[in-house]
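K.L.:
Need coordinates for the below:
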Amino acid sequence: MDKIFLPKGTDGRMKDTMILHIMSFALVAVLMIMLFSSFGILFRSVIELVMVQSGVFDSIIGVSNDYENVMNMGLMDAAAYNPVSAPMEMVSGIMKVMNTIGYVVTFASMAVTILLVVFMRKRAKDIVEDPFPMENPLKVKKVPYVLLGFLLGAFGGHLFYVKNTKRALIFLLLGLVGSGIPILIFYTTAISFADAFIACFYKKDEEGYIVIEDYPYWL
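P.N.:
Numbers count the residues shown, from 1 in each chain. Just a heads-up that it's a prediction; the model follows:
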């Protein structure tokens, strides 16, 4: 894992793999945005439900109706009036606006995710159908490799499986440190997702094995 970038002028399967990795970075970023916006909608919906169930909104409406009587109050009564509903109405309005933005962001992220998966699928098929021999062929069991790549790839699960110990330990370290520095686990998640995604398109033999390209670069 001492090589960082693909050499300039490289074409074919290696270049397609690099592009797929970049697409995977974009996909993971979009999925994270969609996840956070979805949780935001859920959180605000729960808060709003609690406020409705507790009668807060009803009290707001009741107090709001009193505004019509303010003009009929005497000067001293009007001065003593406490319009507590105004801040609450503002909070309610802000929550509705944020929910609307959250829905827009969530559905937009979903559309971008579908688009990225379509492009990644095409790129993966180009990699699989490349007629030239692999530079670093690696024979692995398809199902365990794919499952470990998707589920534990951020911590090097699929790399430990293929006994790529050096790279696996680096991924494990980055994944663990990534709990405090998210950009690190973001990297390992994106790369491992791309690795597992490519493997999905290789046809396994009678024993369940596939031959994949052992991509030796950081990107």
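K.L.:
Any idea how far the longest helix along the chain is from the middle of the chain?
P.N.:
In the chain, with assignment by DSSP state H, the single longest helix is helix 85-128. Centre-to-centre, helix 85-128 and its host chain are 11 Å apart (CA atoms, centre = their mean, to the nearest Å).
K.L.:
Which strands or helices does it pack on?
P.N.:
For helix 85-128, the contact count by 3 or more CB pairs under 8 Å, 6 or more residues apart in numbering; DSSP states H and E identifies helix 13-53, helix 56-65, helix 182-199 as packing neighbours. Where you see a C-beta, it was placed from the backbone N, CA and C, and this is true even at glycine.
K.L.:
So which of those helices has the densest surroundings on average?
P.N.:
Greatest average neighbour count among those goes to helix 182-199 (a mean of 21), per mean count of other CB atoms under 10 Å.
K.L.:
The nearest residue in space to residue 212 that is not next to it in sequence: which element?
P.N.:
By the measure of CB to CB, 6 or more residues apart in numbering, the closest residue to residue 212 outside its immediate chain neighbours is residue 138, 5.3 Å from it. Secondary-structure assignment from DSSP states H and E places residue 138 in strand 137-141.
K.L.:
What residues sit buried inside the next helix or strand along the chain from that strand?
P.N.:
Moving toward the C-terminus from strand 137-141, the first helix or strand encountered (DSSP H and E) is helix 142-152. Residues 142, 145-150, 152 are the ones in helix 142-152 that count as buried (16 or more other CB atoms under 10 Å).
K.L.:
got the CA positions of helix 142-152 in CSV?
P.N.:
Provided in CSV are the C-alpha atoms of helix 142-152 (Å, rounded to 0.1, in the frame of the first residue of the first chain):
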residue,chain,number,x,y,z
LYS,A,142,-17.1,-14.4,-3.9
VAL,A,143,-19.8,-14.5,-1.2
PRO,A,144,-17.6,-14.0,1.9
TYR,A,145,-15.5,-11.3,0.1
VAL,A,146,-18.6,-9.3,-0.9
LEU,A,147,-20.3,-9.6,2.5
LEU,A,148,-17.2,-8.7,4.4
GLY,A,149,-16.5,-5.8,2.0
PHE,A,150,-20.0,-4.3,2.4
LEU,A,151,-20.4,-5.0,6.2
LEU,A,152,-16.9,-4.8,7.7
